[in-house]
Structures are given as C-alpha cells and as structure tokens.
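Novice: only geometry, no sequence info:
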C-alpha cells in the first residue's frame, strides 16, 4: 500500500487543460500534474503489467489486442476518474467505466464532437453509462486525451478504470477469451493502493477459483474459459446481502454430518439446471443464448445465498439445499486457527483464530471446511468482503483466501 501526499483533497482544474500526449510513446511533456497521488504511485506498475501481457499475447498469435497504455495516460485517466467519482450529479455519485482505445469498435456509439476528459464531463455523462458492460471510450487526438463515445465491445487486454463507489476505483482488463469476470490489476481506495499479485495462484493448495480470477492466458477450449464458481462469487457479492455457498463432492453424503437436521430447504431430487447447462456442447451459433441461460441459472443459485443459512451445491453444480445451518459433528474439535492470505503485492500469510476474520458466517464456514476437508466454502459479507475457505494439507489447517480485491 502507498500513502498519498497531503494534496489529495485538491482537485485540479482540468477544465482549463486536459491531459496531453505526444504519441503512444508518451513522454509526458506539458501534462498537468495529477493531484491524486495514488494514480502516480501505481502507474508504472500498471504500465508494466499491460506491456508484459500484451507482448506475451502477441507472441502467441492472439488477435484483437488493445493498444498498450503508457504510464502517463494511466496516471491521467485514473486521476480524472478519481475526482469524477467524488462529484454528485443530481444527488447521485457517478458509476462509470473508462476504456483506453481508439474509436470505431463494432457496437460503438460515437459523439459528433469529442468531449474533454474532465471530472465535470464524466459526472454529467454518468447517468447514461451506468449499466454494466458500457464503457466510455478515451483516446488521444494529437496531444489531448478526449472522450469519443461509448462502447460495449473491448479488445483483449484493454486498459479499463471503473468507479465502484466514491473514491474506490478498479483498474482491470477484459480477459483474452472475452468471457466472464474482468481481470483486476489494481484497486485504489482513497490513499490506499492494492496491486493484485499474479503469483498468488502459486500458493500451496490454491483453489481453482482463485487461479481463474488471476488467469490471463487463452483457454484450450471454450468450456475451460467458463469458471462457474467465479460467476457465482461475483453474483453473490452483487446482491449485497451476504451469504454462504458450500461446494461438496457429488459422490459422498459425508457433508450431512456437518449440517443441522432437518434441513428446512432441502432439494430432492437435486436441482440440475446449472449442471445440465455446463454439460451442453456449445456451438458458436448458440453461444449467445447459452451464455444468457447460464447467467440466469447462476443468478438463481447465487440469489438463494441471501437466505439465512448456507446454500449447498455439488462439485457438479447440482443444487442440494439452501438455508442450511452448519453444525460441528459430535466428537470433532472446534477450529482454533487458520491461515489468511490475500493475493496482493506485499500481502503475507497470517495465522489467526477464525473469529478474528469475520462474524458467525465466517466462523461456521471455517468449521465446515475443517470437518469436511474435501469441501470448499465461499462467504460473501454485506460490506463486500469475499472469502474462499479450503483445507490446506501443506499447512494442516483451514486456508482463508480473501478475494474481494479480485471481484470488484
């Protein structure tokens, strides 16, 4: 994390001079100095991230790649977006997404006149572009950055800055395969910067969900590009009510020992709507319809986690129950400690008592995984925190992976 200088509260008068660039090999001459120091602190790291992965993608022969964002452009766009996020327009804070790419992608809406990149303009445009999937396109003409229109079609590895809430920004990009949750690069909240550690998936016993959220390379097949647990995690977090999802092996009923009976909302036979979708062979022609059906099925299961208690699905995505109460099997020891990690640069592992990591929902999930070591638990908090609980044979204890930085 980085601490900002004391001038964080001084918004620049960008209406008098928008950030300028000389070319894509930007040297920064004539650029007004950003006053959001976190933007400067992270710019070089983000530039290196995009340059590295775009170079790798080109070497693999990937097509439809975005232009690399130079550090000064990253700094300028992030600075303007931060100040825009603090402005109210008719009583509402803006929720916007900016993408650095030239005008003209398929499905784009282009303004007749280019608009200056200023906090005032972004706040004014926000009501029209708040819906998911709509991005304001930002590019340069000569030495000036401007907003050229909107688009819902982004090239791979396109630099995107999204406003989550006032003062909370996420720098991210579209996955190479184009489907699913965007890959987060950094999260900026006020004077704090969290840079996602791409090596986080090299931790011992790292769950496939975390690997998918960090993943950047193209999949070997279409099916490999769809991680249902990632979509479920994002949907659980989106409903904002908090919830627990337990994923258990399909070939055993051992998990029942850790659930209080009777289960009020047990499902029999198990509901296989999501499971059947994942078994379908999807052609290019039917992909759009299939994705729509998958999204509805995922939201249906994730919505059940808002009910008090835990939702249970098998590792084949069959719905088994919801509203279930977790209990410790007779004779089993209570969970006393666990290791907590977060996949950000500089974030080390910490061993804590489960009660220090959250409330009752987190404690019960840790106990469930402690007793059912071939299971996985996903817990969303009402405040946006998201944790995956797995059993770590290497550590000999429950491993809590904090992944809210990846889900924003």
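Specialist: Done, it's in. Since this is a predicted model, take the numbers as computed values, not measurements. Numbering: from 1, shown residues only.
Novice: any idea how far residue 46 is from the spatially closest residue to residue 44 that is not a sequence neighbour?
Specialist: Leaving aside its sequence neighbours, residue 44 sits nearest to residue 71 (C-beta to C-beta, 6 or more residues apart in numbering; 5.1 Å). (C-beta placed from N, C-alpha, C; glycine too.) According to C-beta to C-beta, to the nearest Å, residue 71 stands 7 Å off from residue 46.
Novice: who's more crowded, those two?
Specialist: Neighbours were counted for residue 71 and for residue 46 using other C-beta atoms under 10 Å; residue 46 has more, 22 against 19.
Novice: before we move on, which element is residue 83 in?
Specialist: Element membership for residue 83 (DSSP states H and E) is helix 71-85.
Novice: Mind giving me the packing neighbours of that helix?
Specialist: helix 37-59, strand 97-100, helix 119-125, strand 144-151, strand 160-165, strand 168-173 (3 or more C-beta pairs under 8 Å, 6 or more residues apart in numbering; DSSP states H and E).
Novice: for the record, mean pLDDT for it?
Specialist: On average, the pLDDT along helix 71-85 is 94.
Novice: Could you do stretch 376-390 as well?
Specialist: The pLDDT scores in stretch 376-390 average 89.
Novice: Show me the contact partners of that stretch.
Specialist: With contacts defined as C-beta atoms under 8 Å, 6 or more residues apart in numbering, stretch 376-390 is touched by 205, 207, 209-210, 229, 232-233, 236-237, 240-247, 305, 310, 338, 357-359, 361-362, 365-366, 368-369, 398-404, 407-408.
Novice: What's the PyMOL line that selects buried ones from these?
Specialist: Selection of buried members from the contacts of stretch 376-390 for PyMOL, criterion 16 or more other C-beta atoms under 10 Å:
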select buried, resi 207+209+210+229+232+233+236+237+242+243+244+245+246+247+305+310+338+357+358+361+362+365+366+368+369+398+399+400+401+402+403+404+407+408
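Novice: Return the subset of the contacts of stretch 376-390 lying in strands.
Specialist: Applying DSSP state E to these, the entries found in strands are 243, 244, 245, 246, 247, 310, 338, 398, 399, 400, 401, 402.
Novice: returning to that earlier point: overlap in contacts, residue 71 and residue 46.
Specialist: Taking C-beta under 8 Å, 6+ apart as the contact rule, residue 71 and residue 46 touch no residue in common.
Novice: I figured residue 347 hits residue 341, correct?
Specialist: Yes - assessed by C-beta atoms under 8 Å, residue 347 is found in contact with residue 341 at 6.7 Å.
Novice: quick one: which of the helices and strands packed on helix 71-85 is nearest residue 79?
Specialist: Smallest distance to residue 79 across these (C-beta to C-beta): 4.5 Å, for helix 37-59.
Novice: what's the angle between the closest one and strand 168-173?
Specialist: 10 degrees (axes from the mean of the first three to the mean of the last three C-alpha atoms, to 10 degrees).
Novice: So which elements touch helix 37-59?
Specialist: By 3+ C-beta pairs under 8 Å, 6+ apart, helix 37-59 packs against helix 71-85, strand 168-173, strand 183-189, strand 192-195.
Novice: need the contact list for residue 243.
Specialist: Residues in contact with residue 243 (C-beta under 8 Å, 6+ apart) are 236, 302, 305, 306, 307, 310, 311, 361, 379, 380.
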